[in-house]
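J.: Fold the following, please.
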Amino acid sequence: MLDVVRLRVLAAVARHGSVTAAARELHYSQPSVSHHLARLEAETGAKLVQRAGRGIRLTEAGRLLAERATEIIGRIDSAAAELSAHVGLRAGRVRLAAFPSALGTFVPGAAALLAREHPGLRLRLTETEPPEALRMLRAGYVDVAVVFRYADTDPEAEGVRLTHLMDDPSYLVTSGVTGDLPAHRNSPWIGGCDRCRSHLLQLCARAGFEPDISFTTDDIVAVQALVAAGMGVTLLPGLALRAHRHPGVNAVEVPGSTRHVYAATYGEPPLPPATAALLTALAAAARATGVP
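T.: Predicted coordinates:
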């Protein structure tokens with residue numbers, strides 16, 4: 001049977017690509033990390049690491065086991081958190097990943113509500129875009145992922161359950177005359193994250209042109225500053241404008257361009273009490289949040 005401690009060591013080495021960094025993260029000595037790797041190789045009968053200059057790298061077998069180890073450890077940590085949360089929600093933790101404009105709008109309200117209702121429950125927050133948030137969810141690193149999707153977004157992976165929180169319209173953001181999308185076919189455009197950029201390309205294709213994307217950033221402060229400086233136009237969701245609104249930009253809603261915001265969980269119901277409490281808080285905070 002594989003030793004969980006040694007799997008944690010392998011996962012840390014894979015994550016950092018270094019025995020030294022893995023030892024620092026795990027608070028082990030370097031010889032201890034090397035010993036655990038050697039014992040894991042003996043247990044599995046497979047060569048997991050190989051020397052590469054002054055460092056090491058994982059073999060194909062090592063990469064495969066490290067991927068599985070990451071999933072296993074995530075599930076173990078998740079089970080420990082769920083078990084703790086079952087004690088009347090008086091203790092334990094619940095972990096949430098969310099995209100930036102959600103963290104800048106309704107997530108703080110949900111966090112405050114959760115703290116009032118369950119003061120012993122610790123909430124851990126991670127800021128990340130939907131694809132990575134969903135990977136973290138499936139690996140067991142978070143219990144809930146606040147994500148968004150458009151009508152043309154690919155379906156989520158099997159086992160991911162979505163709870164609808166709100167619909168968030170998109171806005172054409174400019175520094176001068178707004179108009180509609182075709183009016184800016186010759187304007188430079190500023191693109192956002194991969195999912196937003198893909199949606200922008202789809203919208204412009206339906207409008208009969210391909211946007212000239214001159215800049216790319218998912219920082220809502222930076223993108224609006226660029227627009228205000230006359231460097232281009234962009235498409236932003238309402239939550240982003242509510243989280244931050246530059247005084248030098250104009251925004252007009254784009255018909256038929258709405259993203260749908262969800263709280264994603266993984267696995268079959270019933271949900272652990274801490275996860276269910278977080279979903280309730282997110283839904284209440286989302287209802288209380290308007291968009292421009």
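J.: And the strands in this protein?
T.: Using DSSP state E, the strands of the chain run over 49-52, 55-58, 93-98, 122-127, 144-149, 160-174, 188-191, 212-216, 233-237, 250-266.
J.: Just put those in TSV and tack on mean neighbour count and mean pLDDT.
T.: Bear in mind the C-beta positions are built from the backbone N, C-alpha and C, glycine included. Formatted as TSV, the strands of the chain follow (neighbours: other C-beta atoms under 10 Å; pLDDT from 0 to 100):
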stretch	mean neighbour count	mean pLDDT
strand 49-52	12	82
strand 55-58	16	82
strand 93-98	24	93
strand 122-127	16	94
strand 144-149	26	96
strand 160-174	19	95
strand 188-191	21	94
strand 212-216	14	92
strand 233-237	26	95
strand 250-266	19	94
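J.: Take those strands and lay them out in JSON lines including distance to E43.
T.: Supplementary listing: the strands of the chain in JSON lines, determined by distance: least, C-beta to C-beta, whole Å:
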{"stretch": "strand 49-52", "distance to E43": "14"}
{"stretch": "strand 55-58", "distance to E43": "16"}
{"stretch": "strand 93-98", "distance to E43": "30"}
{"stretch": "strand 122-127", "distance to E43": "32"}
{"stretch": "strand 144-149", "distance to E43": "34"}
{"stretch": "strand 160-174", "distance to E43": "33"}
{"stretch": "strand 188-191", "distance to E43": "48"}
{"stretch": "strand 212-216", "distance to E43": "46"}
{"stretch": "strand 233-237", "distance to E43": "49"}
{"stretch": "strand 250-266", "distance to E43": "29"}
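J.: Now do the lengthiest helix in the chain: which elements does it pack against?
T.: Looking across the chain with DSSP state H, the single longest helix is helix 60-85. On a contact count with 3 or more C-beta pairs under 8 Å, 6 or more residues apart in numbering; DSSP states H and E, helix 60-85 meets helix 4-16, helix 30-44, strand 93-98, helix 130-139, helix 273-287.
J.: most packed of those?
T.: Ranked by mean neighbour count, the helices and strands packed on helix 60-85 are led by strand 93-98 with a mean of 24 (mean count of other C-beta atoms under 10 Å).
J.: Check which helices and strands it sits against.
T.: Counting contacts by 3+ C-beta pairs under 8 Å, 6+ apart, strand 93-98 packs against helix 60-85, helix 107-117, strand 122-127, helix 130-139, strand 144-149, helix 273-287.
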